[in-house]
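Colleague: Based on what follows, work out the 3D shape:
(2 chains, ligands or ions: 1)
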Amino acid sequence: MVQEEDLELYRSQLLDSMSERPVHSVRGLSDPIQVYVNERRVGELKGAETEGTLHVHGVDHIETVQLRTEDGQLLGGVVAPESGFRANRVRLSADTVELCVQNTLQGGSLSAVFIPAPSFWRRTWNSLADVADRWTVRRSESTMAYGFRTVAFTQAILAIAVVGLVADRVMIWIAPEHIVAPTVQAEALRTASIGEIEQLAKQLRELRLMQTKVGEALQSQEKGMTLLHQTMARLSSTQESVASSVVMVKEEMEKRQEGPEREADRPAQLPPGKGSVDQEQFELAIHGLASDNERLSKQIAGLEEHNRMLTAKLQTAIAHVAKAAEQGPERVVAREADVARKHQLLPVVDSRQSAQAQPFLFWVTFSEGTTQESIDQWVNGMKGHKGVQNEGWQEVQILPPPVPPDLFLEQIRGEKIIKEARLNH
Amino acid sequence: MQNTLRKSHIIADPTVSVSRLEEVVATSEEFDQVVAQALPILLDRAAGYTKRFLRETGQWNDDIEHEKFALRWGSEYLERFLVCGRSEVPCRPLFLFDSLVAKQHSKPEPFCYHPDLLKPLGRFLDGLVARAVVSRDALIALYHHSYGWGAGDVIAVTGLNGLESQRIYKNFRRWRESGWQRTMDEMGLTKPELAELENQRQRHRQRFNGEAERLIRVAQGHYRKSEPDHYPCLSRSQWGEMFTQGYGCDYRIWHLALCLDCMQTAWGLGSCGSSAEKPRLELQVRP
Ligand SMILES: [Zn+2]
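Modeller: Numbering: from 1, shown residues only, chains lettered A, B, ... in the order given. Here you go, the predicted model:
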């Protein structure tokens, strides 16, 4: 009787755990995804902010493909067809893993590609990581270089440019003594555009208001950023303390080997706990920032729309005024000013692009029997990325080497797993 | 989807659900919905098939241990069906489920069966090692349960670098927080059973560890087949090369956790030095 109850309890426990299983699993942002083929582990997908791939060849016949978290939770998978090709997308929160599995007479193959969410959220995350990076490495660099802030600032500068343009026009109309044009023309201007001037002035006020709002939003972002930096600093100090306690533990282990109970990991346990609290605060801060950002982007969109309207109106006003007078030189000047200002905007974007160095590309083939894992390790060791494969050649991208290309290739050829290396395929 | 249908197995009408399971479902969402309403039916069905398989292969006994074993594997199949079946639409869920279970049972050794692995100590070990196959947290925790090591020891023994070390701490933390309890629940190990194991460990340490070593070898031998193909046992010099040249991180972590013999062979190659005595199994019950 007791045993039957025990069994029934076990059964309902199993059912409960099965129905409680979340459909979209919660996975740590940087945790790798374990990949299984026919319930045998074949490798892992680095599921972080970058695209990760895993190719599996030479399996006799693929029956199932499964993806699991580090704690073993089944995230998704695909049942392979007896023969032929099948693709499946597995959604993991906002990210996706694309599984392509194929069975032929020669055997089965699998390609798994981790595709990070192309979302606003992911971009924000990347920008924040970027910020954190810059902040810790080069504190002096202007905070204006962040991805989304560049957008915000470009928009703000655009707004200022338009305001400037309008102001120019208004100044020209209000103060005709600055104009080298004939007095007849100035007279015509003064009478013809008095209503338009009023309208433009009103729009100018509106635009200023918008600008203030943008400024406020930027300020609140700045606050969020400060908060984030504080959290980051705390987090990194926690990490340091973890590292130092690891050293401490090692030293202690060496000192006392006579103790029957090993407590070696105990001192090191505490910092990760603290780390997780910091991590939470960090995530909270990011959440706050993300919503701020969303608000800001809405305002920017509004501003942009308004700018477009204003420009259109300005155009009509100019056309109108021009009709009254003959084609004045100021229109050309205005156009030129417009163009010049647009050009001023470009370097803001350009400087960011050029900050990232051009990658160095080269091609290699590997020695017989080199495993995929050791290839990956070798590439990772150079902090590089694998590019395309072509006729047995693997393209590799790395940061420019400190030595000349020829010398670099010579060094590469000396490595155990490399058969041949060259610059072009 | 499944969340909203929680506990529905108490009120589900079995006849309605079975006939619905035989009909075609067209989308993944429909699949989730239909299957979530029929979890008890599917679990009992899979357990029934497993029972029949054990009977036919002469491995069955009419006792609660065998019933639990059948239930455990039933739930294992059901879990895979829930996730992989979604990609099989349109399908008739019931037939798909039957074929999935049949496929499992047509394998040479569908599960790790040994009469002693059905007793509490055996179930504990079987659960740990089986979980290690699908969960890296459990795999790392095997070092703790087998030798009583903490994260620092694991890092030293397997000779890991800084980046991998961080991950080990994470593995340990998650295992303590939830992984261990989940595994115990999945194996149906009750609190009194665990307390009794702990009691034996303290009172009859040598006998307890001797028995544990015998059983863990059975489990490791079976589940090591889930390792990547190219991860066989190695000689000391081969392990030595791997340690000194710093490659095969995954290999070291996986194989050494799942092989008592190679742990002995490779002992001292990591940064812990070879001065310490070779490790012996010191089974830990608690995480
Ligand atoms: Zn071995």
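Colleague: Which stretches in the stretch 101-250 of chain B count as helices?
Modeller: Ranges of helices within the stretch 101-250 of chain B are B:120-134, B:136-147, B:151-158, B:162-174, B:180-186, B:191-203, B:205-223, B:236-245, B:249-257, based on DSSP state H, counting those that start in this stretch.
Colleague: In TSV: the ones you listed, plus mean neighbour count.
Modeller: Heads up, the C-betas are built off the backbone N, CA and C, glycines and all. Formatted as TSV, the helices of the stretch 101-250 of chain B follow (neighbours: other C-beta atoms under 10 Å in any protein chain shown):
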stretch	mean neighbour count
helix B:120-134	24
helix B:136-147	25
helix B:151-158	25
helix B:162-174	19
helix B:180-186	19
helix B:191-203	14
helix B:205-223	17
helix B:236-245	14
helix B:249-257	21
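Colleague: Dump these into CSV; add distance to A:Gln106 and mean pLDDT as well.
Modeller: Conversion of the helices of the stretch 101-250 of chain B to CSV gives the following (distance: least, C-beta to C-beta, whole Å; pLDDT from 0 to 100):
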stretch, distance to A:Gln106, mean pLDDT
helix B:120-134, 28, 96
helix B:136-147, 32, 97
helix B:151-158, 36, 93
helix B:162-174, 35, 91
helix B:180-186, 38, 95
helix B:191-203, 49, 97
helix B:205-223, 29, 96
helix B:236-245, 31, 93
helix B:249-257, 27, 93
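Colleague: Could you pick out the residues of the stretch 151-287 of chain B near the ion for me?
Modeller: Of all the residues in the stretch 151-287 of chain B, those in contact range of the ion (C-beta under 5 Å from the ion) are B:Cys233, B:Cys259, B:Cys262.
Colleague: show me the residues around the second one that make contact.
Modeller: Spelled out, it's B:Cys259. Contact partners of B:Cys259, counting by C-beta atoms under 8 Å, 6 or more residues apart in numbering or on different chains, are B:Gln220, B:Arg224, B:Cys233.
Colleague: circling back to that earlier point, ok, which of the helices of the stretch 101-250 of chain B comes nearest B:Ala266?
Modeller: Smallest distance to B:Ala266 across those (C-beta to C-beta): 4.0 Å, for helix B:236-245.
Colleague: give me the low-pLDDT residue ranges for the stretch 51-200 of chain A?
Modeller: Applying pLDDT under 70 to the stretch 51-200 of chain A flags the ranges A:118-197.
Colleague: Counting neighbours, what do you get for B:Phe60?
Modeller: Let me fix one detail, which is that residue B:60 is Trp and not Phe. Per other C-beta atoms under 10 Å in any protein chain shown, the neighbour tally for B:Trp60 reads 17.
Colleague: Wasn't it part of a helix?
Modeller: No: going by DSSP: H, G, I helix; E, B strand; the rest coil, the assignment for B:Trp60 is coil, not a helix.
Colleague: Would you list the phi and psi of it?
Modeller: B:Trp60 adopts backbone torsions of phi -100, psi 150, taken as degrees, to the nearest 10.
Colleague: try the one 10 residues further on
Modeller: The phi/psi pair for B:Ala70 (degrees, to the nearest 10) reads phi -60, psi -40.
Colleague: anything in stretch B:63-73 near chain A?
Modeller: Yes: Stretch B:63-73 reaches chain A (C-beta under 8 Å from any C-beta of the partner chain) through B:Ile64, B:Glu67, B:Lys68, B:Leu71, B:Arg72.
Colleague: ok, and what's touching stretch A:392-406?
Modeller: With C-beta under 8 Å, 6+ apart, stretch A:392-406 has contacts from A:357-366, A:375, A:379, A:382-389, A:408, A:411, A:423, A:425.
Colleague: from those residues, which ones fall inside strands?
Modeller: Among the contacts of stretch A:392-406, the members falling in strands (DSSP state E) are A:Phe360, A:Leu361, A:Phe362, A:Trp363, A:Val364, A:Thr365, A:Phe366, A:His385, A:Lys386, A:Gly387, A:Val388, A:Gln389.
Colleague: and which of those residues is nearest A:Asn103?
Modeller: The closest of the ones in strands among the contacts of stretch A:392-406, once distances to A:Asn103 are taken by C-beta to C-beta, is A:Gln389, at 21.2 Å.
Colleague: Apart from its neighbours in sequence, what residue is nearest that closest one?
Modeller: A:Glu395 (7.2 Å; C-beta to C-beta, 6 or more residues apart in numbering or on different chains).
Colleague: and the angle from the strand or helix carrying that neighbour to strand A:385-390?
Modeller: For A:Glu395, the enclosing helix or strand under DSSP states H and E is strand A:393-398. Between strand A:393-398 and strand A:385-390, the angle comes out at 160 degrees (axes from the mean of the first three to the mean of the last three C-alpha atoms, to 10 degrees).
Colleague: Distance check, A:Asp406 against A:Arg413.
Modeller: 11 Å (C-beta to C-beta, to the nearest Å).
Colleague: which one of those two has more residues nearby?
Modeller: Set A:Asp406 next to A:Arg413 and count neighbours by other C-beta under 10 Å: A:Arg413 wins out with 13 against 9.
Colleague: Buried residues, stretch B:86-98. List them.
Modeller: Within stretch B:86-98, the residues scored as buried using 16 or more other C-beta atoms under 10 Å in any protein chain shown are B:Arg86, B:Ser87, B:Glu88, B:Val89, B:Cys91, B:Pro93, B:Leu94, B:Leu96, B:Phe97.
Colleague: swap in stretch B:219-235?
Modeller: Buried residues in stretch B:219-235, counted by 16+ other C-beta under 10 Å: B:Ala219, B:Gln220, B:His222, B:Tyr223, B:Arg224, B:Ser226, B:Glu227, B:Pro228, B:Tyr231, B:Leu234.
Colleague: And for stretch B:258-268?
Modeller: Buried residues in stretch B:258-268, defined by neighbour count with 16+ other C-beta under 10 Å: B:Leu258, B:Cys259, B:Leu260, B:Cys262, B:Met263, B:Thr265, B:Ala266, B:Trp267, B:Gly268.
Colleague: how about the nearest residue to A:Ile417, chain neighbours excluded?
Modeller: A:Thr370 (4.7 Å).
Colleague: One more: B:Val25?
Modeller: Using C-beta to C-beta, 6+ apart and skipping the chain neighbours, the partner closest in space to B:Val25 is B:Phe31 (4.8 Å).
Colleague: Next, count neighbours for that neighbour.
Modeller: If you count neighbours by other C-beta under 10 Å, B:Phe31 ends up with 22.
Colleague: quick one: what helix or strand has it in it?
Modeller: Taking DSSP H and E as the definition, B:Phe31 sits inside helix B:28-36.
Colleague: same check, this time on A:Gly77
Modeller: If you go by DSSP H and E, A:Gly77 is part of strand A:74-79.
Colleague: Can you list the strands that that strand pairs with?
Modeller: Using DSSP bridges, strand A:74-79 pairs in its sheet with strand A:64-68 (antiparallel).
Colleague: hmm, who's touching the partner strand?
Modeller: The set of residues external to strand A:64-68 that reach it, using C-beta under 8 Å, 6+ apart, is A:33-39, A:45, A:74-80, A:90, A:92, A:97, A:99, A:101, A:110, A:112, B:80, B:83-84, B:134-135.
Colleague: Walk me through the domains of chain A.
Modeller: Following automatic domain parsing, chain A resolves into domains at A:33-117, A:296-356, A:359-425.
Colleague: What's the end-to-end length of the longest one?
Modeller: In terms of C-alpha to C-alpha, to the nearest Å, the two terminal residues of domain A:33-117 are separated by 15 Å.
Colleague: Output the contacting helices and strands for the host helix or strand of B:Gly48.
Modeller: B:Gly48 belongs to helix B:39-56 when elements are defined using DSSP H and E. If contacts are counted by 3 or more C-beta pairs under 8 Å, 6 or more residues apart in numbering or on different chains; DSSP states H and E, helix B:39-56 sits against helix A:2-19, helix B:14-22, helix B:64-84, helix B:93-105.
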